[in-house]
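Chemist: A predicted structure for the sequence below; I have some questions about it.
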Amino acid sequence: MQELNIIGAGKLGRTLGRLAVLGGQYRVQDCLARSAASAQAAVDFIGAGRACSQLADVRPVALTLLAVPDDAIAATAQALAHSGRVPPGAVVFHASGAAEAEILAPLREAGAHVASLHPAFSFADPARAVTQFAGTLCALEGDAAALPQLQDFAAAIGARPFALAPGGKAAYHAALSVASNYLVTLTDIARQLARQGGVDEQLLPALLGPLMQGSLANALSMGPQQALTGPIVRGDAATVARHLAVLPQELQPAYRVLGERTVVLAGARLPEEARQTLLALLRD
């Protein structure tokens, strides 16, 4: 059975620690948090480990998870590297979606192998997360010597690991942000336009919800190009012109940029003459 230390025993750290214990292949050794009470609460939730409130109390181990906030990863890695608590050849990984493993470079210089494991999952409620985590995709990147151990760890906690391209973490995180955050922003734009057209606020979920959910399901199952419908893929420049005529000024840039991208997405489904007409209209 392998031993695991958790530094930063918040929601994510507690969840992964509990899943590691339930998987039966890992034993949580030490849990470090900002306070003794928080560390003990983490140990109680995980069901294993020793509560620590100072880095000096953490014992060396072959596998360490840094589950601290993103803006604390670099400083924590530096402190851990200087603490003498990481034996040569150990693996240290963080779980940030945005930061690359390179942020742990001081630990590499101290003899460790560094990597990151990012679960595409929300850890708002650790108790619920433990019950719903199975099958979660986890993106891995970092030192080649660390990745096999992280693949084993991900499998042990019920995740589906996959490797990112070297240097691909920023593009990966941008993809998640576009898929999640920008979808919400587009919902807000659609609601604003519907209200402008006179649609009652109470009708907006019933009006937009099925359309958005159906379009998303089609795009994911059929592929974006085949799922594309609407005036642009039909080459209906007159309708696009009417849209532009009524759009508030602050929404014009978003509509035009998304419209151009939709013309590109339509590809061969859109005749060349219609393509040029639409692009001229959208860029006007």
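Modeler: That came through, no problem.

Chemist: and whatever helix or strand residue 51 lives in, average pLDDT?
Modeler: Using DSSP states H and E, residue 51 falls within strand 50-52. For strand 50-52, mean pLDDT rounds to 97.

Chemist: packing partners for it?
Modeler: Packing contacts for strand 50-52, counted by 3 or more C-beta pairs under 8 Å, 6 or more residues apart in numbering; DSSP states H and E, involve strand 26-32, helix 36-46. To be clear about C-beta, it is placed using only N, CA and C from the backbone, and glycine gets the same treatment.

Chemist: can you do 10 Å?
Modeler: Contacts defined by 3 or more C-beta pairs under 10 Å, 6 or more residues apart in numbering; DSSP states H and E place strand 50-52 against strand 2-7, strand 26-32, helix 36-46.

Chemist: of the ones you listed, which approaches residue 197 most closely?
Modeler: When the helices and strands packed on strand 50-52 are compared for distance to residue 197 using C-beta to C-beta, the nearest one is helix 36-46, at 49.5 Å.

Chemist: Please identify the buried residues of that closest one?
Modeler: 38-43, 45-46 (16 or more other C-beta atoms under 10 Å).

Chemist: What residues sit buried inside the helix or strand that the strand holding residue 51 is followed by?
Modeler: Going down the chain from strand 50-52, the next helix or strand is strand 63-66, by DSSP H and E. Using 16+ other C-beta under 10 Å as the burial criterion, the residues of strand 63-66 that qualify are 63-66.

Chemist: tell me which strands and helices strand 63-66 is in contact with?
Modeler: When contacts are defined as 3+ C-beta pairs under 10 Å, 6+ apart, strand 63-66 sits against strand 2-7, helix 11-23, strand 26-32, helix 73-83, strand 91-94, strand 113-119, helix 147-156.

Chemist: just checking, what packs against the fifth one?
Modeler: With contacts defined as 3+ C-beta pairs under 10 Å, 6+ apart, strand 91-94 has these neighbours: strand 2-7, strand 63-66, helix 73-83, helix 105-109, strand 113-119, strand 137-142, helix 147-156.

Chemist: Which strands border it, and is each parallel or antiparallel?
Modeler: Paired neighbours of strand 91-94 in the sheet (DSSP bridges): strand 63-66 (parallel), strand 113-119 (parallel).

Chemist: starting at the chain centroid, how far to the shortest one?
Modeler: Right, the one you point to is strand 63-66. 19 Å (C-alpha atoms, centre = their mean, to the nearest Å).

Chemist: for it, what is the average pLDDT?
Modeler: What strand 63-66 shows for mean pLDDT is 98.

Chemist: for the longest helix anywhere in the chain, which positions count as buried?
Modeler: Secondary structure of the chain per DSSP state H: the longest helix is helix 204-222. Under the neighbour-count criterion of 16+ other C-beta under 10 Å, helix 204-222 has 204, 208 buried.

Chemist: Does that helix pack against any helices or strands, and if so which?
Modeler: helix 183-196, helix 224-227.

Chemist: That one relative to helix 183-196, how many degrees between them?
Modeler: 140 degrees (axes from the mean of the first three to the mean of the last three C-alpha atoms, to 10 degrees).

Chemist: send the alpha carbons of helix 204-222 over as PDB?
Modeler: The C-alpha coordinates for helix 204-222 follow below in PDB (Å, rounded to 0.1, in the frame of the first residue of the first chain):
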ATOM      1  CA  LEU A 204     -37.100  32.600 -20.800                       C
ATOM      2  CA  PRO A 205     -36.100  29.200 -19.300                       C
ATOM      3  CA  ALA A 206     -38.800  27.300 -21.200                       C
ATOM      4  CA  LEU A 207     -38.000  29.200 -24.400                       C
ATOM      5  CA  LEU A 208     -34.200  29.000 -24.400                       C
ATOM      6  CA  GLY A 209     -33.600  25.900 -22.300                       C
ATOM      7  CA  PRO A 210     -34.800  23.100 -24.600                       C
ATOM      8  CA  LEU A 211     -33.100  24.900 -27.600                       C
ATOM      9  CA  MET A 212     -29.800  25.200 -25.900                       C
ATOM     10  CA  GLN A 213     -29.800  21.800 -24.400                       C
ATOM     11  CA  GLY A 214     -30.800  20.200 -27.700                       C
ATOM     12  CA  SER A 215     -28.100  22.100 -29.600                       C
ATOM     13  CA  LEU A 216     -25.500  21.100 -27.100                       C
ATOM     14  CA  ALA A 217     -26.500  17.500 -27.100                       C
ATOM     15  CA  ASN A 218     -26.400  17.500 -30.900                       C
ATOM     16  CA  ALA A 219     -23.000  19.200 -31.100                       C
ATOM     17  CA  LEU A 220     -21.500  16.700 -28.700                       C
ATOM     18  CA  SER A 221     -23.000  13.600 -30.300                       C
ATOM     19  CA  MET A 222     -22.900  14.600 -34.000                       C
END
